[in-house]
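>>> got a predicted structure here, sequence first:
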Amino acid sequence: MKPSTLLTTYASTALAATIPSANRIPTSYESAVLGRRILALTPLATLSTIFPSNGPISRRENRPADVAGMPHGLMEYIADCDDSDSGNPTILAITVETSFLNAAAGSNMSVSVNWAPPHPPAKRIQNRRSWWDFVFRHGEDVESEVANPSTYSAAALPRFSLLGYVERIEGGDENKELAKCFVKSHPDARYWLPGNRIHESHFVRLVVKEVYWIGGFGDRAYIGWIPVEEWNKVSREEWEAVKLPGEKKGWKEWSFDL
């Protein structure tokens with residue numbers, strides 16, 4: 001048998017062995033349930049806005065003129081404190097922050113959230129050795145990775161982007177329960193709650209209009225748009241009833257179970 005034929009045959013066999021035959025890809029609604037749990041458990045997100053293409057630039061902002069129309073993304077605190085329980089993230093907006101200056105100038109916003117497991121996997125993806133490992137890498141290097149499961153593959157884990165617009169929460173600045181909820185996720189945020197002496201701030205929500213979801217690898221997870229009606233419909237009881245990969249010790253990185 002020619003070397004090229006042998007390599008192709010082995011690659012096909014090894015790849016087939018890594019894909020569970022009984023695997024069922026979750027539906028968009030099941031993915032929405034998982035996403036709502038991630039939103040409830042994840043305190044950080046990337047907020048993305050667009051720099052305005054016109055209008056005056058304040059001396060305090062000192063924004064370069066050539067960034068007009070460009071996207072801008074930064075980490076920000078978020079919390080799941082919406083009274084309506086519809087999956088609209090709550091954000092403590094600092095008025096002078098670039099993201100909220102852009103929003104005030106008319107920009108829409110996307111909030112991107114990644115799931116980071118609190119525990120490392122007990123079994124890594126590398127313990128299913130592929131044709132690439134056998135042909136191009138030394139066996140001892142692969143075994144070393146398997147023996148050290150302290151990390152995980154971020155590409156195998158769920159993440160999503162919520163797209164919409166920023167809306168000020170009326171009465172939120174005086175809402176003690178809202179502040180209590182937000183500070184529960186972010187204890188240090190008590191120093192810049194509305195009315196503080198450092199920065200002007202107020203509570204806003206991202207009104208979600210679209211949801212884009214990547215559940216992990218496409219052979220075992222849903223990838224695509226989640227209807228916003230499904231996202232809004234998920235109840236607390238539903239997202240509290242599921243577990244995400246890595247919430248408990250001893251999980252297998254290569255498996256994905258609802």
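Received it, and whenever you're ready, just let me know what you need. Residues are numbered from 1 along each chain as shown.

>>> residues touching Ser86, list them.
Neighbouring residues of Ser86 by CB atoms under 8 Å, 6 or more residues apart in numbering: 208, 231-232. Yep, even glycine has a C-beta here, placed from its N, CA and C like the rest.

>>> give me the three-state assignment for the residue nearest the centre of the chain.
Geometric centre of the chain, nearest residue: Val113, 2.0 Å, by CA atoms, centre = their mean. Secondary structure state of Val113, per DSSP: H, G, I helix; E, B strand; the rest coil, is strand.

>>> any idea how far Gly215 is from it?
Counting by CB to CB, to the nearest Å, the gap from Val113 to Gly215 is 13 Å.

>>> what's the answer for Tyr222, then?
Distance of Tyr222 to Gly215, computed by CB to CB: 5 Å.

>>> next, show the common contact partners of those two.
Shared contacts of Tyr222 and Gly215, counting by CB under 8 Å, 6+ apart, come down to 26, 31.

>>> neighbour count winner among these two?
Each of Tyr222 and Gly215 has its neighbours counted (other CB atoms under 10 Å); Gly215 has more, 24 against 21.

>>> next, the contact list for the spatially closest residue to the more buried one that is not a sequence neighbour, please.
Of all residues not flanking Gly215 in the chain, Ala221 sits nearest, at 3.0 Å (CB to CB, 6 or more residues apart in numbering). Contact analysis of Ala221 by CB under 8 Å, 6+ apart lists 25-26, 31, 158, 214-215, 256.

>>> okay if I get those as JSON lines plus distance to Ile169, secondary structure and pLDDT?
Formatted as JSON lines, the contacts of Ala221 follow (distance: CB to CB, whole Å; DSSP: H, G, I helix; E, B strand; the rest coil; pLDDT from 0 to 100):
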{"residue": "Ile25", "distance to Ile169": "37", "secondary structure": "coil", "pLDDT": "90"}
{"residue": "Pro26", "distance to Ile169": "32", "secondary structure": "coil", "pLDDT": "92"}
{"residue": "Ser31", "distance to Ile169": "27", "secondary structure": "helix", "pLDDT": "97"}
{"residue": "Pro158", "distance to Ile169": "27", "secondary structure": "coil", "pLDDT": "95"}
{"residue": "Ile214", "distance to Ile169": "29", "secondary structure": "strand", "pLDDT": "97"}
{"residue": "Gly215", "distance to Ile169": "30", "secondary structure": "coil", "pLDDT": "94"}
{"residue": "Phe256", "distance to Ile169": "36", "secondary structure": "coil", "pLDDT": "56"}
